[in-house]
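[1] Provided below are the primary sequence and the corresponding predicted coordinates.
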Amino acid sequence: MSLQGGPEFRRRLKAIRLTFKVYGKGWADGTAEGMRRRVPVATGRLQKSIRRKSATQRKATVVGHYTANFVDAGSVAHDIDGKPTLIFRVDGGSRTIFARKVHKQRIGARRFKRPAALAELERHPMKQTMIDLWNKAA
């Protein structure tokens with residue numbers, strides 16, 4: 001007994017296995033763009049650092065400067081002890097301040113990572129990508 005359409009069926013099954021790689025790239029790029037739009041901007045360094053790191057058949061990764069975690073989740077008030085001394089240049093470098101201890105105030109959370117990821121999932125559902133790849137493979 002022979003199966004008609006066997007090669008086409010195998011191509012379609014392979015296309016399904018590769019669905020997430022194609023979808024992951026688009027999702028990660030869209031998420032990175034959404035995060036750049038949502039992140040608060042002071043100098044622009046954090047905003048410029050957000051990008052897609054990778055997209056494989058199993059996962060897609062969006063990365064940015066490590067300070068993104070502090071902006072997204074906030075931080076508690078804490079003291080910084082300088083050993084021996086902390087040095088700050090202010091007023092464009094015209095004044096120098098020396099301190100042994102500095103109190104950093106609490107920073108409130110400004111969520112931007114999860115909302116951007118969820119918004120991109122809603123904008124581009126995976127099922128349409130899977131259907132398109134299935135139809136192209138035949």
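    Great, that's in hand.

[2] Give me the three-state assignment for the closest residue to residue 80 other than its chain neighbours.
    The shortest distance from residue 80 to any non-neighbouring residue, by CB to CB, 6 or more residues apart in numbering, is to residue 102 (4.7 Å). In this view, the C-beta of every residue, glycine as well, is placed from N, C-alpha and C. Classification of residue 102 using DSSP: H, G, I helix; E, B strand; the rest coil returns strand.

[3] can you check residue 20 too?
    Applying three-state DSSP: residue 20 is helix.

[4] same check, this time on residue 132
    Applying three-state DSSP: residue 132 is helix.

[5] How much space separates it from residue 93?
    56 Å (CB to CB, to the nearest Å).

[6] Of those two, which one has the most company?
    Counting neighbours by other CB atoms under 10 Å for residue 132 and for residue 93 shows that residue 132 has the greater number, 14 against 7.

[7] Now do the residue nearest to residue 80 against residue 136, distance only.
    59 Å.

[8] try residue 55
    In terms of CB to CB, residue 55 sits 19 Å off from residue 136.

[9] Also residue 66?
    40 Å.

[10] ok, how many other residues are close to the closest residue to residue 105 other than its chain neighbours?
    Distances taken as CB to CB, 6+ apart put residue 77 closest to residue 105, at 5.6 Å, once the chain neighbours are dropped. When counting by other CB under 10 Å, one arrives at 9 neighbours for residue 77.

[11] Enumerate every residue touching residue 77.
    Counting by CB atoms under 8 Å, 6 or more residues apart in numbering, residue 77 touches 103, 104, 105, 106.

[12] Equivalent analysis for residue 65, please.
    Counting by CB under 8 Å, 6+ apart, residue 65 has contacts 45, 46, 49.

[13] Run through the residues that contact the residue most central in space within the chain.
    In the chain, the centroid-proximal residue (CA atoms, centre = their mean) is residue 62; its distance is 3.2 Å. Residue 62 sits next to 28, 31, 32, 35, 50, 51, 52, 53, 117 when contact means CB under 8 Å, 6+ apart.

[14] With just CA atoms, put the helix or strand harbouring it into CSV.
    Of the helices and strands defined by DSSP states H and E, residue 62 is found in strand 60-63. Presented in CSV, the C-alpha positions along strand 60-63 are these (Å, rounded to 0.1, in the frame of the first residue of the first chain):
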residue,chain,number,x,y,z
ALA,A,60,12.6,33.9,21.6
THR,A,61,14.5,36.3,23.8
VAL,A,62,14.4,40.1,24.0
VAL,A,63,17.2,41.8,26.0
